[in-house]
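Asks: One predicted model, sequence on top.
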Amino acid sequence: MALKVLFINPPWYRLQGLMSTYPPMGSLYIAAVLERDGFDCCVWNADYSSKPLKVSEGSSATTTAEMTRKFQEYKDLLNDLNKPVWQEVRTVIQEEKPDVVGLLCYTTSVQSVLNTAAIARQVNPECIIVCGGPHATVRPEDLLSDNSAVNYVIRGEGETAMLHFMRTLRDGGDPSGVPGLVFRNGAGLVSNERAECYEDTAALPVPAKHLLRHADRLPAVVFQPIFSSRGCPAKCIYCSSFHIFGRKPRAVPVEIVIEEIELLKKNFNVHHFFICDDTFASEREHTMTLLREIVRRRLNITWGCQTRGEKLDEDLVRAMKKAGCTQVSIGVETGSPRIRKLIKKGNTNEDVERAVALLKKYRIEVATFFMFGFPTETREDIEQTVAFMKKLDPYVAHCNIATPDPGTEFMEMARAQNLMPATITDWSMHYHQSPDMFITDQFTPDEKLELIAKLQKVFDAHNKRKARLDLIKRAPLYVRIIMKEKLYRHPAYLIGKLRDLT
């Protein structure tokens with residue numbers, strides 16, 4: 001009998017009364033590679049709920065003020081393993097009976113991962129528990145303490161290392177030599193040299209979304225995310241993505257992207273997609289070829305993406321519109337030229353303005369992301385950013401607190417300025433709505449809380465106004481998506497989206 005692997009994205013948003021609709025894409029890629037080699041796999045997003053909760057991911061109007069309040073509740077409820085969500089984790093593991101449990105770990109979800117691992121160990125003392133993801137890659141020691149139920153950590157991209165690991169288990173060998181593996185050995189940790197990034201993206205199968213637990217019961221929105229490339233050459237000080245995907249862009253062959261779109265349309269009735277590349281169009285010619293192929297094949301889809309302002313020009317935006325693009329997210333971060341230079345964003349306010357103007361010209365909705373609280377950031381810097389947001393007037397503007405993740409230049413800068421401790425044992429505060437992350441030393445604690453509340457009020461008012469107007473303006477588009485993807489069969493999801501507007 002084939003070894004069975006259960007991949008789990010542990011609950012995090014759900015502990016705050018929210019949910020994440022998008023599945024763990026890295027786990028789905030790894031599951032596809034393992035399935036091709038004969039292993040039995042299941043992927044469960046424990047952060048998705050069929051109940052009518054507000055939708056965190058993909059939402060345009062969940063208020064940042066509410067997310068901050070929910071975050072406080074989360075901290076109180078995190079370790080109450082009697083909560084229904086933890087009982088659900090136990091039930092799913094009991095039902096799936098895995099030999100190996102693979103857990104996805106972000107910095108914010110460390111304790112949730114450890115809770116899930118402990119439950120898995122209680123259910124099956126013999127199962128092998130492996131962690132991967134951004135935090136596991138940078139800080140494996142946080143998951144491999146003596147009292148942790150986790151056996152192994154795999155660093156970096158997981159396809160090659162996890163396949164090697166599972167083959168070794170299947171053959172009865174010793175996994176200690178697997179590239180990228182970290183494990184306990186006596187009083188210390190052994191950390192093997194990482195496996196190389198998957199240079200030949202043509203050799204990767206499409207993500208195994210059919211292996212999602214109860215895939216046939218999930219709404220089409222769950223299946224929307226796809227990738228057309230990996231890697232981002234930018235060197236923004238706050239980003240840790242390069243620890244997983246590297247800085248060299250690696251395009252997924254156009255024919256494979258098209259194949260995935262066609263499979264998702266056929267098997268899961270998906271007609272609207274989101275391209276999850278760190279920077280869409282980082283390889284411009286590849287992107288133009290993809291757009292032309294979408295049009296040539298008359299795929300008749302709509303889609304969104306995320307990119308950087310300087311990557312967009314009129315020829316590209318025109319081609320995006322023709323291929324069905326309806327929404328683009330841009331990481332603006334700041335309106336202060338000084339802060340933009342400090343965080344090594346690598347572009348200018350003028351780049352962003354040009355991009356937003358182009359997108360509006362072609363009637364593509366613009367979502368923007370902003371961050372506040374960088375070291376040395378002053379009230380003047382913040383006022384410049386708010387003024388810039390209002391000038392851009394995007395469809396949605398996300399207000400986030402700049403958070404120094406481990407392994408980033410931002411964290412090094414914060415520690416050098418004594419704004420972050422040298423040793424951190426509780427990572428639950430490292431979240432983009434946590435007031436504790438507003439670390440600029442230009443304000444008193446009371447001034448910080450007052451400023452955060454004011455910023456959230458300004459951004460939330462903007463977003464709700466724009467979302468309601470957008471619902472009226474683009475009602476035909478939303479009706480088409482609801483009807484094409486049969487979302488009316490999933491009232492909980494629709495109720496959650498409507499609640500975002502209240």
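Replies: Structure received.

Asks: ok, Ile294 touching Ala323?
Replies: Yes - at 4.3 Å, Ile294 counts as touching Ala323 under the criterion of CB atoms under 8 Å. For every residue, glycine as well, the C-beta is placed using N, CA and C.

Asks: out of the two, which sits in the more crowded spot?
Replies: Using other CB atoms under 10 Å as the criterion, Ile294 and Ala323 rank with Ile294 on top: 23 against 20.

Asks: tell me the contacts of that one?
Replies: 258, 261, 301, 323-324 (CB atoms under 8 Å, 6 or more residues apart in numbering).

Asks: Surely Phe183 is in a helix?
Replies: No - secondary structure of Phe183, determined by DSSP: H, G, I helix; E, B strand; the rest coil: strand, with no helix assignment.

Asks: Quick check: which ranges of this protein have low pLDDT?
Replies: 1, 52-69, 71-72, 470, 472-474, 477-478, 485, 493-502 (pLDDT under 70).

Asks: still on that earlier bit, any chance of the contacts of Ile294 in TSV, with distance to Met420 and secondary structure too?
Replies: Formatted as TSV, the contacts of Ile294 follow (distance: CB to CB, whole Å; DSSP: H, G, I helix; E, B strand; the rest coil):
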residue	distance to Met420	secondary structure
Ile258	45	helix
Ile261	42	helix
Ile301	44	coil
Ala323	43	coil
Gly324	43	coil
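
Asks: joint contacts of Ile294 and Ala323?
Replies: With CB under 8 Å, 6+ apart, Ile294 and Ala323 have no common neighbours.

Asks: thinking again about what came up before, quickly name whichever of the contacts of Ile294 is closest to Trp44.
Replies: Nearest to Trp44 out of the contacts of Ile294 is Ile261 (CB to CB; 24.3 Å).

Asks: Excluding sequence neighbours, find me the nearest residue to Asn400.
Replies: His432 (4.1 Å; CB to CB, 6 or more residues apart in numbering).

Asks: what do you get for Ala2?
Replies: Per CB to CB, 6+ apart, closest to Ala2 is Asp40, 4.6 Å.

Asks: The one you found reaches Lys4, doesn't it?
Replies: Yes - counting by CB under 8 Å, Lys4 is a contact partner of Asp40 at 4.2 Å.

Asks: buried stuff in stretch 255-269?
Replies: Using 16 or more other CB atoms under 10 Å as the test for burial, stretch 255-269 gives 256-258, 260-261, 263-265, 268.

Asks: what kind of secondary structure is Val153 in?
Replies: strand.

Asks: roughly how far apart are it and Val130?
Replies: 7 Å (CB to CB, to the nearest Å).

Asks: ok, now Ala118?
Replies: For Ala118 relative to Val130 (CB to CB), the value is 15 Å.

Asks: neighbour-wise, which of those two wins?
Replies: Val130 (26 against 18).

Asks: Got phi/psi on that one?
Replies: Backbone torsions for Val130, taken as degrees, to the nearest 10, come to phi -120, psi 140.

Asks: That one touches Gly102, doesn't it?
Replies: Yes - assessed by CB under 8 Å, Val130 is found in contact with Gly102 at 5.1 Å.

Asks: which residues are in contact with both of those two?
Replies: Contacts common to Val130 and Gly102, judged by CB under 8 Å, 6+ apart, are Met162.

Asks: Can you give me the distance of Ala118 to Arg36?
Replies: Distance from Ala118 to Arg36, by CB to CB: 32 Å.

Asks: Helices of the stretch 151-300 of the chain, residue ranges please.
Replies: Remark: helices assigned in the stretch 151-300 of the chain by DSSP state H, counting those that start in this stretch are 159-170, 242-245, 254-268, 284-296.

Asks: And the residue nearest to Ala2, how close does it get to Arg184?
Replies: 27 Å.

Asks: Also Tyr238?
Replies: Counting by CB to CB - Tyr238 and Arg184 are separated by 31 Å.

Asks: Leu487 now?
Replies: Counting by CB to CB, the gap from Leu487 to Arg184 is 46 Å.

Asks: repeat for Gly177
Replies: Taking CB to CB, one finds Gly177 at 16 Å from Arg184.

Asks: With neighbour numbers in mind, choose between the two.
Replies: Using other CB under 10 Å, the more surrounded residue of Gly177 and Arg184 is Arg184, with 16 against 11.

Asks: and the more buried one, what does it touch?
Replies: 144, 146, 190.

Asks: Show me what counts as buried in stretch 115-129.
Replies: Buried, per 16+ other CB under 10 Å, within stretch 115-129: 115-121, 123, 127-129.

Asks: Then stretch 143-153?
Replies: Quick answer for stretch 143-153 (16+ other CB under 10 Å): 143-144, 148-153.
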